[in-house]
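**Q** Requesting a structural model of the entry that follows:
(chains A, B, C and D)
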2 protein chains.
Amino acid sequence: MRLTRQADYGIVVMTHFARLGEGETHTTRDIAAEVHLSVPMISKILKALARGDLLVSQRGVNGGYSLSRAADEISVADVITALEGPIGMTACTDEHSDGCDIDDVCAVRGNWQLVNQVVRRALENITLEHMAEPMPCTFDELMPPPRKERLPQAHNHERDS
Amino acid sequence: MRLTRQADYGIVVMTHFARLGEGETHTTRDIAAEVHLSVPMISKILKALARGDLLVSQRGVNGGYSLSRAADEISVADVITALEGPIGMTACTDEHSDGCDIDDVCAVRGNWQLVNQVVRRALENITLEHMAEPMPCTFDELMPPPRKERLPQAHNHERDS
DNA sequence: GGAAATAGAACCATTTTGGTCCTCTATTCA
DNA sequence: TGAATAGAGGACCAAAATGGTTCTATTTCC
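**A** Modelled structure (predicted):
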């Protein structure tokens, strides 16, 4: 349920790009300095983001990276997908159903697909433009409305806010 | 972005409990056999679920585990929390902000909190009762409505369905 | 008391991840 | 033309997380 650091950094970097302005290109070194991470690390991430068509790379002397589209057309899900592969919370959602020990007994698979879809959609609805906003108080429309009145917090132990 | 196997199995197990009926207790061995996983593995998972107050354990000869509440009052988020700790996709969402190398520069943190909230809410809205349904075609109300018309799939590469 | 069941912790092998480095290719400009 | 700059790609290794097993309590019923 946790993102890898690369995806985490990736979103920070992409958000940084979104803040800088649309068409401008920036070098790996610049970005690394501005985000306070090592150049090799940032380099790795930028390459992956370019492979995923989220950044456009320009080689040579005045080269660098720039966003491939407008910030409101790139979702958090896009970034995660570029850095971690297709979003899916369970192994059995991959088409290569190699490792599922349960296979025939697992009657939950169909439902898992839908759980994945819920999460994926939630992340697709969040764009870099949202992330670039300094104080995002208007996120409410992105969240699914509470489905029905959940129980009073009788058994709800230590759930953070 | 992926669940650990334990959480994965945990949801399978909990869904199994939900299918079996509300108050009945079942032994580790039975569950393991029914779900086709090793007894020690299932044992470990059941213990954690009991620690998380999602299962009630009964020691001794006719002991076993049973659901602590009705299936529609236990969410997928509850299960994940019991087996992986609090749901949050980045390291910096934990209160122990020990490892964040970026700290002061990371202007994204506030937004991340909201991303986490979106995902968490999505998972809180899915109950074991939903998971226990054989053919869950009526999941639609659980998903957030498409926020606005996303771009045509110009750059949308290999996004699975 | 003995058998049946869970509680809890220690433990190890394997995999994943984080992070670095090296070589190659493309581009610009003097 | 050639030197300098910048990204592409892959190899590589150490550290951490994960999966899975096993062992020793402790509780409960007969």
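**Q** Straight-line length of stretch A:34-42, end to end?
**A** End-to-end distance for stretch A:34-42: 11 Å, by Cα to Cα, to the nearest Å.
**Q** now check that stretch, is it near DNA strand C?
**A** Yes: using Cβ under 7 Å from any atom of the strand, stretch A:34-42 reaches DNA strand C at A:38, A:40-41. Where C-beta positions appear, they are placed from N, C-alpha and C, glycine not excepted.
**Q** Show me what counts as buried in that stretch.
**A** Buried positions in stretch A:34-42, judged by neighbour count with 16 or more other Cβ atoms under 10 Å in any protein chain shown: A:35, A:37, A:41-42.
**Q** who's in contact with residue A:68?
**A** Contact analysis of residue A:68 by Cβ atoms under 8 Å, 6 or more residues apart in numbering or on different chains lists A:53-56, A:74, B:155.
**Q** Between these, which sits nearest DNA strand C?
**A** Looking at those and their distance to DNA strand C, the nearest is residue A:56, at 11.8 Å (Cβ to the nearest atom of the strand).
**Q** what about the closest one, which helix or strand?
**A** strand A:55-58 (DSSP states H and E).
**Q** For that strand, give the mean pLDDT please.
**A** Summarised as a single mean, pLDDT over strand A:55-58 is 97.
**Q** List of residues touching that strand?
**A** Residues outside strand A:55-58 that contact it (Cβ under 8 Å, 6+ apart) are A:17, A:25, A:46-47, A:49-50, A:63-68.
**Q** May I ask which of the residues you listed has the most neighbours?
**A** residue A:49 (26 neighbours; other Cβ atoms under 10 Å in any protein chain shown).
**Q** That one contacts residue A:84, doesn't it?
**A** No: counting by Cβ atoms under 8 Å, residue A:49 stays clear of residue A:84, with 11.9 Å between them.
**Q** so where's chain A uncertain?
**A** Residue ranges of chain A with pLDDT under 70: A:91-110, A:135-161.
**Q** what do you get if the cut-off is 50, keeping everything else the same?
**A** Scanning chain A for pLDDT under 50 picks out the ranges A:95-99, A:102-103, A:136-161.
**Q** Helices of that one, residue ranges please.
**A** Per DSSP state H, chain A carries helices over the ranges A:5-20, A:28-35, A:39-51, A:76-84, A:109-124, A:128-132.
**Q** which secondary structure elements does the third one contact?
**A** Of the remaining helices and strands, those touching helix A:39-51 by 3 or more Cβ pairs under 8 Å, 6 or more residues apart in numbering or on different chains; DSSP states H and E are helix A:5-20, helix A:28-35, strand A:55-58, strand A:64-67, helix A:76-84.
**Q** which residues sit against it?
**A** Identification of contacts with helix A:39-51 by Cβ under 8 Å, 6+ apart yields A:6, A:9-10, A:13-14, A:28-29, A:31-32, A:35, A:55-57, A:65, A:79, A:82-83.
**Q** Just the buried ones among those residues, please.
**A** For the contacts of helix A:39-51, a burial check counting by 16+ other Cβ under 10 Å picks out A:6, A:9-10, A:13-14, A:28, A:31-32, A:35, A:55, A:57, A:65, A:79, A:82-83.
**Q** Just flag the most distant two among those residues.
**A** Largest separation among those by Cβ to Cβ: A:32 and A:82, giving 18.4 Å.
**Q** Enumerate the residues of chain A near DNA strand D.
**A** A:2, A:27-29, A:43-44, A:46-47, A:50-51, A:57-65, A:101.
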